[in-house]
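Trainee: here are the coordinates; sequence isn't available:
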């Protein structure tokens, strides 16, 4: 049976959301890299009774508990008191650690106050975890029929150093062959909801040894396949998932992103691009230039929010705007053609739509937008509709444009509905 490992972050500021709990997320990732799988992650306030109650719960479900926070010298640093109460041991002064603490204060030119003595007190029988960068040492405690607990300060730089230098080596020694590094693959997708992707994957009936995880981060989705048992089964699962979702997958790299994929595709194909934006307000240009070296392919863009600027900067005929309106396939293609001509790019992409919250109508509701793509001898308009908030419409439209560029370059079917253009 795999050992159960729990992570407990202690502090009012963590529970209240005043700080982001980076310690827990970072520790989970480091554990997984080393074949240690966290099974519980939680937090609690700086309250001795509450800490004890949480430890009681965790000890019933975990073999090892790693705590962070509450080891300082102030009145709200109660972790050592709570753990001493939990294991029914007194706090005792460690003279050696007190000497080190005083020496460290002296080296830093700081006055040692008696209130700092508490940082040299530990539950009786503790093993000290050195703190190379701070003043508060950590400690390891355990007792019969209780979990083994590693208690560390909450300062991220100190916490991480102590984890890497002491906690992980100690845990790996204790676990031996129980620590198994998982093998995994990931797919990054755009244009398919999590629920629909989940249905497609469930129909594949993957081996039980392969775990499937979904992580949506609007508007993209990451699917992760992982196993600690069978690399052969993972390879087989990877193949069938790729085949089932191929059109939606834009990257299989661990740190894959849609802007990164487009960057690479444009460079590989030696193509330049220009953009013409309306409702996205420059969002597409921002995404295209996120990575260094984007000047290789990105020539520039026109942010034409008003009809006047669409005509003045992109050459969109006034008659076209009057007849069809700014949010139309006709204007989308005219904007793309104008950007293609004026910037002299190989490809041009335009976005025009209604991001809201106002400005919609029954015929053209909030969330409707058109993309235009133009190149030498080629033009197309694509219709999309996503009835949601203004920021989500803008973000989705910019990512839909990136995905349409990807599909154009790879010769894949477009995600948006090809819009009919009236002459």
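Mentor: That came through, no problem. None of the values given here were measured: they were computed from a predicted structure. Numbers count the residues shown, from 1 in each chain.
Trainee: drop to CA atoms for contacts and neighbour counts, all remaining ones
Mentor: Fine.
Trainee: and residue 285, how close does it get to residue 402?
Mentor: Applying CA to CA, to the nearest Å, the value for residue 285 to residue 402 is 10 Å.
Trainee: please name the residues that touch the closest residue to residue 360 other than its chain neighbours.
Mentor: Nearest non-adjacent residue to residue 360, counting by CA to CA, 6 or more residues apart in numbering: residue 366, 4.7 Å away. By CA atoms under 8 Å, 6 or more residues apart in numbering, the contact set of residue 366 is 354, 355, 356, 357, 358, 359, 360, 387, 388.
Trainee: thought residue 155 was touching residue 70?
Mentor: No - if you go by CA atoms under 8 Å, residue 155 and residue 70 don't touch, sitting 9.9 Å apart.
Trainee: between these two, which one's more packed in?
Mentor: residue 70 (28 against 16; other CA atoms under 10 Å).
Trainee: ok but the more buried one is inside a helix, no?
Mentor: No - if the criterion is DSSP: H, G, I helix; E, B strand; the rest coil, then residue 70 is coil and not within a helix.
Trainee: tell me the contacts of it?
Mentor: Contacts for residue 70 (CA under 8 Å, 6+ apart) come out as 10, 11, 46, 76, 77, 78, 79, 80, 153, 154.
Trainee: buried subset of those as a ChimeraX selection?
Mentor: This is how ChimeraX selects the buried members of those, with burial counted by 16 or more other CA atoms under 10 Å:
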select :10,11,46,77,78,79,80,153,154
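Trainee: so can I have CSV of the contacts of residue 70 showing distance to residue 136?
Mentor: Listed next are the contacts of residue 70 as CSV, based on distance: CA to CA, whole Å:
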residue, distance to residue 136
10, 15
11, 16
46, 17
76, 15
77, 11
78, 13
79, 12
80, 11
153, 7
154, 10
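Trainee: just the contacts of residue 70 now: which is nearest residue 119?
Mentor: residue 80 (9.0 Å; CA to CA).
Trainee: give me the secondary structure label for that closest one.
Mentor: helix.
Trainee: so what pLDDT did it get?
Mentor: pLDDT recorded at residue 80 is 97.
Trainee: and the gap between it and residue 44?
Mentor: Distance, residue 80 to residue 44, using CA to CA: 14 Å.
Trainee: what's the answer for residue 238, then?
Mentor: For residue 238, the distance to residue 44 - CA to CA - is 39 Å.
Trainee: quick one, helices of the stretch 1-150 of the chain?
Mentor: Taking DSSP state H, counting those that start in this stretch as the criterion, the stretch 1-150 of the chain carries its helices at 12-15, 22-33, 48-59, 79-86, 95-107.
Trainee: what's the closest of those to residue 205?
Mentor: Nearest to residue 205, of all the helices of the stretch 1-150 of the chain, is helix 22-33, at 25.4 Å by CA to CA.
Trainee: so how far is stretch 146-153 from its chain's centroid?
Mentor: Put simply, stretch 146-153 sits 28 Å off its chain's centre (CA atoms, centre = their mean, to the nearest Å).
Trainee: who touches it?
Mentor: Stretch 146-153 has contacts (CA under 8 Å, 6+ apart) with 59, 62-72, 87, 129, 136-142, 159, 162, 167.
Trainee: same deal with stretch 134-145?
Mentor: Contact partners of stretch 134-145, identified using CA under 8 Å, 6+ apart, comprise 71-72, 87, 101, 104, 119-120, 122-123, 125-131, 148-153, 158.
Trainee: mind showing which ranges of the chain have poor pLDDT?
Mentor: 1, 143-145, 420, 422-423 (pLDDT under 70).
Trainee: tell me the buried residues in stretch 114-122?
Mentor: Using 16+ other CA under 10 Å as the burial criterion, the residues of stretch 114-122 that qualify are 116, 117, 118, 119, 120, 121, 122.
Trainee: same thing with stretch 312-330?
Mentor: 313, 314, 315, 316, 317, 320, 321, 326, 327, 328, 329, 330.
Trainee: ok, the second one - contacts?
Mentor: Counting by CA under 8 Å, 6+ apart, residue 314 touches 302, 334, 335, 338, 339, 342.
Trainee: re earlier: which of the contacts of residue 366 are buried?
Mentor: Among the contacts of residue 366, those classed as buried by 16+ other CA under 10 Å are 354, 355, 356.
Trainee: SS state for the residue nearest to residue 334 when sequence neighbours are not counted?
Mentor: Counting by CA to CA, 6+ apart, residue 316 is the residue found nearest to residue 334 once chain neighbours are left out, at 5.7 Å. Per three-state DSSP, the local secondary structure of residue 316 is coil.
Trainee: thought residue 316 was touching residue 336?
Mentor: No - here residue 316 does not reach residue 336: they are 9.5 Å apart, not a contact under CA under 8 Å.
Trainee: I appreciate the help and will end here.
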